[in-house]
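Chemist: predicted coordinates and the sequence they were generated for:
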Amino acid sequence: MNDRAKKRLWDAAEACDAIAGFVEGKEFTVYEADHLLRSGVERQLEIIGEALGRAAHEDETVAWRIPELWKIVGLRNRLIHGYDTVDDEVVWDIVQGKLPALRAGIEALLG
């Protein structure tokens, strides 16, 4: 994997870690009520989607080594372009259910 793709993966990993820190110990009701928290989580998800999309373009093996990469990029697009239709429960479920596995997958790629 080339250095540019690795840099993008590191960016995505850092964004995963930021989200984990933001939501640590919090329940959905807190997330839903806190505009600043939601904004921070959504911004980091945007970074993850952008970074992974760029990594996939810089090294084509990344796309098939990260399950659902294009869905992650699609989430980024939805957050940016469909901001008015974002479902907080869906975002919360992604953060709680899929983000840890994504982070582990990125770590495995980086070695």
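Modeler: Alright, I've got the coordinates. Numbering: from 1, shown residues only.

Chemist: show me the helices in this protein, by range?
Modeler: 3-23, 28-33, 35-58, 61-65, 69-81, 88-97, 99-110 (DSSP state H).

Chemist: with mean neighbour count and mean pLDDT added, can I get those in JSON lines?
Modeler: (Glycine included, C-beta is placed from N, CA and C.) Output for the helices of the chain, formatted as JSON lines (neighbours: other CB atoms under 10 Å; pLDDT from 0 to 100):
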{"stretch": "helix 3-23", "mean neighbour count": "18", "mean pLDDT": "96"}
{"stretch": "helix 28-33", "mean neighbour count": "13", "mean pLDDT": "96"}
{"stretch": "helix 35-58", "mean neighbour count": "19", "mean pLDDT": "95"}
{"stretch": "helix 61-65", "mean neighbour count": "15", "mean pLDDT": "83"}
{"stretch": "helix 69-81", "mean neighbour count": "17", "mean pLDDT": "91"}
{"stretch": "helix 88-97", "mean neighbour count": "14", "mean pLDDT": "95"}
{"stretch": "helix 99-110", "mean neighbour count": "16", "mean pLDDT": "92"}
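
Chemist: separation between K7 and H81?
Modeler: Distance of K7 to H81, given as CB to CB, to the nearest Å: 25 Å.

Chemist: so how far is stretch 7-19 off the chain centroid?
Modeler: Relative to the centre of its chain, stretch 7-19 is centred 8 Å away, using CA atoms, centre = their mean, to the nearest Å.

Chemist: C-alpha coordinates for it, PDB please?
Modeler: Written as PDB, here are the backbone C-alpha positions of stretch 7-19 (Å, rounded to 0.1, in the frame of the first residue of the first chain):
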ATOM      1  CA  LYS A   7      -2.100   8.500   5.400                       C
ATOM      2  CA  ARG A   8      -5.800   8.400   4.500                       C
ATOM      3  CA  LEU A   9      -6.300   5.300   6.600                       C
ATOM      4  CA  TRP A  10      -4.600   7.000   9.600                       C
ATOM      5  CA  ASP A  11      -7.000  10.000   9.100                       C
ATOM      6  CA  ALA A  12     -10.000   7.600   9.200                       C
ATOM      7  CA  ALA A  13      -8.600   5.800  12.300                       C
ATOM      8  CA  GLU A  14      -8.200   9.100  14.100                       C
ATOM      9  CA  ALA A  15     -11.700  10.100  13.200                       C
ATOM     10  CA  CYS A  16     -13.000   6.700  14.600                       C
ATOM     11  CA  ASP A  17     -11.100   7.400  17.800                       C
ATOM     12  CA  ALA A  18     -12.500  10.900  18.100                       C
ATOM     13  CA  ILE A  19     -16.000   9.600  17.700                       C
END
